[in-house]
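In: The sequence and its predicted three-dimensional model are supplied below.
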Amino acid sequence: MALLAAAPANAQEVPGTGSDLGGVGLLEMRNARFRPDGTLEAGASLRHQRRLWFVNFQALPWLETTFRIAERLDGTTGSGMTTDRSFDVKIRLVEEDDLWPAVAIGLQDFIGTGIYGGEYIVASKRFGPLDVTAGMGWGRLGTYNDVQNPLTLISPRFEQRDREVGEGGLLGPGTYFRGEDVSLFGGLEYSLPPLWTPLGSVEGIRAKVEVSGDALRDERGGYPANVASLAGQARSRVNYGVQWSNGWLDIGAGWLYGTDFVFRLSARFDPANPPEIEQALPPAIASRPEATLPDAEEATKAALREAGFRPVALRIAGAEARIAVADGPYRTLAQVAGRVMRAAQPFLPAEVQLVVLSWRLAGTEIARLRIPRAAFEAALRGHGSAEELFYVSELGPAAADEFGRMNGGPGFTWGVEPRVQTILGDPSRTLRWQVAAVAGARAEAGYGFALAGSLSLALMGNLDGGLPSDSQLPHVRSDYARYAQEGSVAIPALYAERIWAPARDLFARVTAGILEPMYSGVSAELLWRPYDKPYALGVDIAQVVQRDYDGGFGTLGYNVTTGQVSLYTDLPWYGLYTVLRAGRYLAGDWGGTIEIGRRFDSGIEVGGFATFTDVPFATFGEGSFDRGIYVRVPLDLFGIATRNIASALIRGVQRDGGQRLAVDNPLWEITRPGRERALEEGYRGFLR
């Protein structure tokens, strides 16, 4: 130990590696290590009668979250496979230093059926290349029953552990850290020196060995239900394996419980610093014209069109120029400002010192930015920086005057894109999916009025093979398989719409027609979004009727009035935000939704939501309440000039309770880029 302690490696220099259950750990057991803050990881581990698919997110420096879907042996019949969803968290209690080990506490499968349910407290200490871990496990992680639960010395209530499964998806306060006995577990992880091969040396190999606290090889014992005689018990308590890691990939293999070979593969990336893809450089800044050009206004508008914008107005009065543009292929206000300034620079009179930019989306102004021309020129010529330009530019309220509320004129946009729909955890298949080609168009008539629609063609997938709905509620979402079966060619949307700003930082929307793939009707929304505040307040209401399964113009007769009041709030830490909603959902149920997400400066967002309504858990069905995890990735990170965002939603099971209408152009999404926080997050776009 003295020799190992003298080695140069420490906990920060040697990052943690993934466990078979998804989070950072040894093999089956967790340790007190964490990924770097913000790391997003996805992968799988495969072994006999069990396949685990997981997504791991280092939500905060001290908080690890893991969502997992297990294709496992059916513990009820002892044969065949079934699916199970679970969610884990691990929290750092103590950070390692020269004297003390890192200490963490965790809950495994604490919102689920409890098949893998367990709690643990664990410590890890590094001695050079050797990382030593020791811990104590409850529940599934305590099935070896090594010692008495120390918490029973505090209260006899900790002796009894609730082992009812029910519909799953519920918190189990009668379960956590309870039970008469617990198990001890521990292990070693050794960082091997570079290994020579004929193709060169290989670094990043770890050898792992652990003593498990889980006595079950598989689920034939029916855990967590009370069973007199457990089957499927582990033959050996010792697991061992090897794992190779680099900056983004983990590959591992091991031997578990004396009987099973396991293979693990995962990939990860940092949303704050995604891989950079080379993009076309913006044009260099031109010099100011020496004299006023006779056709300066038309030349400026032509340059703006060439840059991808629709020019709305150009007004020059002395030292100030006002430029209003609509749409454009750029996601952030700073990048829009940078491209507009470059395009207008050669044509604006030399005496213009201040440019006031009005950016309009979906027919309404969402941002007003005042940019000192000299500061912009200096930054692009290397005599300043994007940070300095951000601090001297001034963001103002949208639609605060006649210039902001003027008619935007006609416009037309269209496009064709792939659309992917997924359902995870279907009882008959872990993943059901469908890929469709969607062609859409939008024609703006001025003053915020527009007509829009789309047509979709299903190309491939197995979504149409999903099981028929067994819901006791109106089938507002659970008939997704039937929509896929009968609507291979469908009209996802076809509507008339008006979006406008009736007052300063106040936005309104009215949409009528085919609103989304499952509903037609009328939807109205009002949003108050102060440009310089960390909050916004919105209300929406809709009267809708359910559409026929073929995706055409017919209806099924079910109609409902639905809507919510929504509060959007930025939190002052780590780019976190929350969305709180309350109101009536599509099945006629009343309740609320809480959403917590984290937005990185790159524009990538990772978050989750949960909805609780007056529908009893037993009536809701499997899962007990609606919840999900999402990842949103701006496509411009891939070198494409576009405002589009690719979204992935992981909703373990699709039920009917707590479901919202999904209209195009929700006001919050349209107006978010015009907020002060959005400008601060994307200020580097001034020079890109």
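Out: All right, it came through fine.
In: For the stretch 151-300 of the chain, give me the ranges with low pLDDT.
Out: 163-174, 219-231, 278-279 (pLDDT under 70).
In: Which stretches in it count as strands?
Out: In the stretch 151-300 of the chain, the segments counted as strands under DSSP state E, counting those that start in this stretch are 181-191, 205-211, 238-245, 249-256, 260-269.
In: In its sheet, which strands sit next to the fourth one, and in what direction?
Out: Strand 249-256 has the following sheet partners, assigned by DSSP bridges: strand 238-245 (antiparallel), strand 260-269 (antiparallel).
In: Quick check: which of those strands is buried the most?
Out: strand 238-245 (a mean of 19; mean count of other C-beta atoms under 10 Å). All C-beta spots, glycine's among them, are computed from the backbone N, C-alpha and C.
In: And the pLDDT for the closest residue to residue 390 other than its chain neighbours?
Out: Once flanking residues are discounted, residue 390 sits nearest to residue 683: 3.9 Å by C-beta to C-beta, 6 or more residues apart in numbering. Residue 683 carries a pLDDT score of 92 in this model.
In: do residue 42 as well
Out: For residue 42, the model assigns a pLDDT of 94.
In: what do you get for residue 113?
Out: pLDDT, read off for residue 113, is 69.
In: go on, the one 3 residues further on?
Out: With respect to pLDDT, residue 116 scores 85.
In: Now do the helices in this protein.
Out: Assigned by DSSP state H, the helices in the chain fall at 2-5, 296-306, 333-344, 373-380, 386-392, 480-486, 617-620, 667-671, 676-681.
In: So which of these is the most surrounded?
Out: Most buried among the helices of the chain, counting by mean count of other C-beta under 10 Å: helix 333-344, with a mean of 25.
In: circling back to that earlier point, make a markdown table from the strands paired with strand 249-256 and add distance to residue 127 to it.
Out: Shown next, in a markdown table, are those (distance: least, C-beta to C-beta, whole Å):
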| stretch | distance to residue 127 |
| --- | --- |
| strand 238-245 | 19 |
| strand 260-269 | 25 |
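In: With just CA atoms, put stretch 127-135 into CSV.
Out: C-alpha atoms of stretch 127-135 as CSV (Å, rounded to 0.1, in the frame of the first residue of the first chain):
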residue,chain,number,x,y,z
PHE,A,127,-3.9,4.4,-3.9
GLY,A,128,-2.0,5.3,-7.1
PRO,A,129,-3.4,2.9,-9.8
LEU,A,130,-5.5,0.9,-7.4
ASP,A,131,-9.0,2.1,-6.4
VAL,A,132,-10.4,0.4,-3.3
THR,A,133,-14.2,0.2,-2.7
ALA,A,134,-16.2,-1.0,0.3
GLY,A,135,-19.9,-0.6,0.9
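In: closest to residue 84 out of the strands paired with strand 249-256?
Out: Ranking those by their distance to residue 84 (criterion: C-beta to C-beta) puts strand 260-269 first, at 17.6 Å.
In: before we move on, back to that, distance to residue 123 added to the strands of the stretch 151-300 of the chain, as JSON lines?
Out: Output for the strands of the stretch 151-300 of the chain, formatted as JSON lines (distance: least, C-beta to C-beta, whole Å):
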{"stretch": "strand 181-191", "distance to residue 123": "9"}
{"stretch": "strand 205-211", "distance to residue 123": "14"}
{"stretch": "strand 238-245", "distance to residue 123": "19"}
{"stretch": "strand 249-256", "distance to residue 123": "22"}
{"stretch": "strand 260-269", "distance to residue 123": "24"}
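In: Name the residues of the longest strand anywhere in the chain that come out as buried.
Out: Counting by DSSP state E, the longest strand found in the chain is strand 429-446. Judged by neighbour count using 16 or more other C-beta atoms under 10 Å, the buried positions of strand 429-446 are 429, 430, 431, 432, 434, 436, 438, 440, 442, 444, 445.
In: Spit out the contact partners of the first one.
Out: With contacts defined as C-beta atoms under 8 Å, 6 or more residues apart in numbering, the neighbours of residue 429 are 462, 465, 466.
In: The third one too?
Out: Taking C-beta under 8 Å, 6+ apart as the contact definition, residue 431 lies against 422, 423, 424.
In: contacting residues for the last one?
Out: Put plainly, it is residue 424. Contacts of residue 424 (C-beta under 8 Å, 6+ apart): 69, 85, 430, 431, 432, 650, 651, 652.
In: Now do the same for the first one: its pLDDT.
Out: With respect to pLDDT, residue 69 has a value of 88.
In: measure it to residue 671 for me?
Out: As defined by C-beta to C-beta, to the nearest Å, residue 69 lies at a distance of 36 Å from residue 671.
In: same check, this time on the third one
Out: Shown here: residue 430 relative to residue 671, a distance of 38 Å by C-beta to C-beta.
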